[in-house]
Structure formats: C-alpha cells, structure tokens
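1. Quick one, structure for this:
(one chain, ligands or ions: 2)
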Amino acid sequence: MKDTSSTLSRRTLLEGLAATPTLTAAAASVAAQTPAKTAAEQAQAALKDAKATKLVLLGTGAGPGGQGPERTRKMTSHVMLSNGAAYVLDCGLGVTDQYARTGIPFPALRSIFITHHHADHNIEYGPLLVIGWINGTHLDVRAFGPPPLKQMTEDFMRAYKTTVDFWVEDLKMKPLVAVDVQEVSAAGPVTQDDNVKVSAIIVEHPPVRPALGYRFDFKDRSIAVSGDTAPSEAVAKMAKGADVLVHEAMYVPAIETYIRGEIAKGRPIKFEDLMAHMKADHTPVEDVGRIAQEAGVKTLVLSHLIPAFDGIGDDTWRAPAEKYFKGEIIVGKDLMVV
Ligand SMILES: [Zn+2]
Ligand SMILES: [Zn+2]
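-> Residues are numbered from 1 along each chain as shown. Ligands and ions are numbered 1, 2, ... in the order given. Next up, the predicted model:
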C-alpha cells in the first residue's frame with residue numbers, strides 16, 4: 001500500500017483496532033478495582049525481597065493507537081530486576097508511571113534497551129530519562145538501541161535543557177547532560193555487566209530497519225524477547241534453551257472480524273492488502289507456539305497483544321499456541337510479574 005489514502009485508512013483502522021471497547025473489558029476493570037490488591041500492589045508484593053531475577057510486564061498492548069478510556073493495556077514496556085539492578089526494555093507511553101508503580105526505585109535503573117523505533121516502543125524514552133533523573137536515576141544510566149538513538153537522545157536533551165537547568169538551579173542537582181548511548185545495528189553481543197550478558201538479533205518488521213530482539217542471560221535466568229516481528233527463525237535460535245520467551249502475538253480471527261466490520265461500514269480498505277501487511281510484520285499466535293516449541297523454552301509469555309482488546313479471553317489467546325507449545329504459557333497483563 002503505497003498511496004496516502006490507503007496508508008491513512010490503514011492507520012485509522014489500526015487505531016480503531018486498539019480502541020474498540022468491550023463489555024468484558026469494562027467489567028474486568030470494575031472487578032480489578034474492587035479486590036483487596038491492585039495490580040501494582042501485587043507487583044510490589046511479588047518483587048519485595050525477591051531473590052531471583054524477575055520480569056515485570058509494564059505494558060502489554062500493541063500499537064500507539066486507541067488512546068481512549070477503553071484502552072486498558074499500556075504500550076509496550078518491560079522491566080527486569082536482578083540483584084537490585086533494573087533493566088528496562090522498550091519505552092512505550094506509560095513506562096515511567098508503570099515503572100514507579102512496581103515500587104522499583106529509580107536509582108536502581110541501570111540500562112534501557114529499545115527494540116525498534118516505533119512510537120509504541122520508544123515514545124517515552126526521553127521522559128523516562130528526565131523524570132527518572134529527578135527521582136534519583138544515576139547519571140551513568142546507559143541506553144541501547146538501533147540508530148539513530150544517539151542523535152535522538154542528544155536532540156531530546158537539547159530540547160529539555162532549559163527544563164533540566166531549572167531543576168539543577170532549584171534543587172542543586174547534578175545536571176543530566178548526556179546519556180551513554182550504544183547503538184545496536186547488528187546481531188551479536190551488546191553488553192555485559194556483573195548481572196547480565198545481553199545479545200541482540202535482527203528481526204523482520206518492515207519497513208523498520210533494523211528491528212531487534214534481545215536475549216538477557218542473567219546468572220539465574222535467561223529471558224529472550226522477540227520484539228516486533230513476523231515469524232522469525234532468528235527468534236527461535238536466539239531463544240534456544242531460554243527460561244522465558246516473551247513473544248509478540250497476533251490473534252488473526254479478531255483482526256479479520258474487525259477489518260470485515262470496517263469494510264461493511266464503508267471504509268475504503270482492501271481486506272487482502274491489510275492482512276498481508278499484518279502478516280508481513282507480526283506473528284500469528286499459532287506461529288508463536290511453534291517458535292517457542294522449537295526453541296525449547298520453559299515459559300512463553302504472550303505480550304504486545306494484537307489486537308489489544310481485553311475482550312479476548314486468556315484461553316482464546318492460549319489455545320492456538322498450545323497446539324504446538326508444550327511448556328507453560330502466560331497471557332501477559334500489565335504489571336504482571338513473571
Ligand atoms: Zn509494536
Ligand atoms: Zn513495531
């Protein structure tokens with residue numbers, strides 16, 4: 001789809017996909033408010049005194065669209081906590097608040113990793129740095145991601161220099177002048193510290209190049225993350241033998257139903273074109289099951305759910321993957337601790 005009108009209609013459609021409310025979602029959000037513990041409290045309890053490495057799903061919804069009261073899943077972000085150090089993976093809108101809600105202190109934030117430069121993965125990267133800094137993130141925080149992450153970081157810091165300088169003057173803080181950025185544009189080792197060894201792969205997410213997946217080998221646990229990708233052999237290879245694979249997942253029947261409904265309403269879109277685009281960029285949940293089985297991981301976490309409706313039940317998400325994958329399957333929810 002090259003012409004502007006179809007691009008526009010595709011965008012509107014994708015926004016609609018993320019926005020459609022369901023009664024189930026409304027009921028679930030009411031129910032979520034009534035029990036004794038909120039998701040944030042549960043996350044804090046699970047992380048408190050945790051000795052082992054933990055993964056917290058901060059945001060599990062796909063796409064930047066559908067920002068309305070119905071959208072209950074935040075955009076993609078995750079944090080891994082190991083030996084008191086926090087590693088953030090992707091910075092969709094909401095990452096800073098969600099991070100704070102886990103109770104992980106900002107001084108614990110050591111590194112930030114970005115998989116690719118779509119807004120649902122990077123839009124709150126700069127704000128996390130600045131709000132983190134005012135809340136105690138150390139000045140030696142590091143960032144990793146595809147080019148032009150260096151330039152983006154410098155430009156953001158330049159844009160917010162006045163803001164940062166006011167706090168420096170007022171609160172006598174050491175200024176946040178620069179962030180140590182390492183760009184990643186090829187598969188291979190990325191970084192290593194006393195807790196974790198990190199490596200990257202290139203995944204298929206046209207036209208975004210490069211789009212990355214990452215593997216985090218902590219001392220006690222290995223966590224592989226697909227990023228956004230069409231079914232990828234590279235993901236299966238990277239995740240070989242990992243404890244946890246976090247994989248994006250697309251539930252095709254829900255998308256097909258939605259597109260047909262929009263066409264019935266008179267939207268100028270072509271069913272085949274749109275589905276071809278979705279399949280070139282994302283992984284149907286059946287294939288996620290196949291990839292997890294091939295990799296032989298212990299636990300598969302479905303996150304970056306497409307569409308991001310809460311109305312699709314956990315069993316509906318799980319069933320297609322279960323046909324192929326025999327390990328544990330977790331359907332991701334915001335603030336879930338794995
Ligand atoms: Zn995405
Ligand atoms: Zn993407």
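
2. got the residue ranges for the strands in the chain?
-> Along the chain, the segments classed as strands by DSSP state E run 54-59, 77-82, 85-89, 109-113, 142-145, 180-183, 188-192, 196-203, 211-218, 222-225, 244-250, 299-306, 328-331, 336-337.

3. which stretch among these comes nearest residue 101?
-> Comparing the strands of the chain by their distance to residue 101 (CB to CB), the top pick is strand 54-59, with 8.4 Å. Where C-beta positions appear, they are placed from N, C-alpha and C, glycine not excepted.

4. Flag every residue of the stretch 51-200 of the chain that's near ligand 2.
-> Those residues of the stretch 51-200 of the chain that sit near ligand 2, judged by CB under 5 Å from the ion, are residue 118.

5. If we use 6 Å, what do you get?
-> Those residues of the stretch 51-200 of the chain that sit near ligand 2, judged by CB under 6 Å from the ion, are 116, 118.

6. And the residue of the stretch 51-200 of the chain that's closest to ligand 2?
-> Among all residues of the stretch 51-200 of the chain, residue 118 sits closest to ligand 2, at 3.5 Å; criterion: CB to the ion.

7. Hmm, residue 64 and that residue touching each other?
-> Yes - counting by CB atoms under 8 Å, residue 118 touches residue 64, with 7.4 Å between them.

8. Pick out the residue nearest the middle of the protein.
-> In the chain, the residue lying closest to the centroid (CA atoms, centre = their mean) is residue 76, at 2.7 Å.

9. For the residue lying closest to residue 74 once chain neighbours are set aside, give me its contacts.
-> Of all residues not flanking residue 74 in the chain, residue 59 sits nearest, at 3.2 Å (CB to CB, 6 or more residues apart in numbering). Residue 59 sits next to 73, 74, 75, 76, 77, 78, 92, 93, 94, 95, 98, 334 when contact means CB atoms under 8 Å, 6 or more residues apart in numbering.

10. what sits against the residue of the stretch 51-200 of the chain found nearest ligand 1?
-> For the stretch 51-200 of the chain, the residue closest to ligand 1 is residue 120, as judged by CB to the ion, at 4.4 Å. Counting by CB under 8 Å, 6+ apart, residue 120 makes contact with 61, 62, 63, 64, 75, 76, 92, 93.

11. so where is the stretch 51-200 of the chain shaky, pLDDT-wise?
-> Within the stretch 51-200 of the chain, the ranges that satisfy pLDDT under 70 run 66-70.

12. What segments of it are helices?
-> In the stretch 51-200 of the chain, the segments counted as helices under DSSP state H, counting those that start in this stretch are 95-101, 119-122, 125-134, 149-159, 161-171.

13. So residue 101 sits against residue 43, correct?
-> Yes - under the criterion of CB under 8 Å, residue 101 is in contact with residue 43, at a separation of 7.0 Å.

14. quick one: which of these two has more around it?
-> Counted by other CB atoms under 10 Å, residue 101 and residue 43 do not tie: residue 43 has more neighbours, with 25 against 19.

15. Contacts only, for that one.
-> Going by CB under 8 Å, 6+ apart, the list of residues near residue 43 reads 56, 101, 102, 103, 335, 336, 337.

16. pretty sure the first one is touching residue 101, no?
-> This points to residue 56. No - with contact defined as CB under 8 Å, residue 56 does not count as touching residue 101 (9.5 Å).

17. By proximity to ligand 2, which residue of the stretch 201-338 of the chain wins?
-> For the stretch 201-338 of the chain, CB to the ion, closest residue to ligand 2: residue 228, 3.5 Å.

18. related to what we said a few turns ago, the residue nearest to residue 74 bridge partners, please.
-> Note on residue 59: beta-bridge partners residue 77, judged by DSSP bridges.

19. And stretch 225-233, what's buried?
-> 225, 226, 227, 228, 229, 230, 231, 232 (16 or more other CB atoms under 10 Å).

20. Please name the nearest non-neighbouring residue to the third one.
-> Leaving aside its sequence neighbours, residue 227 sits nearest to residue 115 (CB to CB, 6+ apart; 3.6 Å).

21. re the thing from before, what's the distance between the residue of the stretch 201-338 of the chain closest to ligand 2 and residue 183?
-> Distance of residue 228 to residue 183, computed by CB to CB, to the nearest Å: 18 Å.

22. swap in residue 336?
-> Residue 336 is 31 Å from residue 183, by CB to CB.

23. These two - which one has more neighbours?
-> residue 336 (19 against 16).

24. what's that one in contact with, if anything?
-> 39, 43, 56, 57, 60, 330.

25. same thing with residue 167?
-> For residue 167, the contacting residues are 134, 173, by CB under 8 Å, 6+ apart.

26. before we move on, what about residue 184?
-> Contacts of residue 184 (CB under 8 Å, 6+ apart): 144, 145, 146, 190, 200, 210, 212.

27. export these to JSON lines and tack on neighbour count?
-> Below are the contacts of residue 184 laid out as JSON lines (neighbours: other CB atoms under 10 Å):
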{"residue": "144", "neighbour count": "22"}
{"residue": "145", "neighbour count": "30"}
{"residue": "146", "neighbour count": "20"}
{"residue": "190", "neighbour count": "20"}
{"residue": "200", "neighbour count": "26"}
{"residue": "210", "neighbour count": "21"}
{"residue": "212", "neighbour count": "27"}
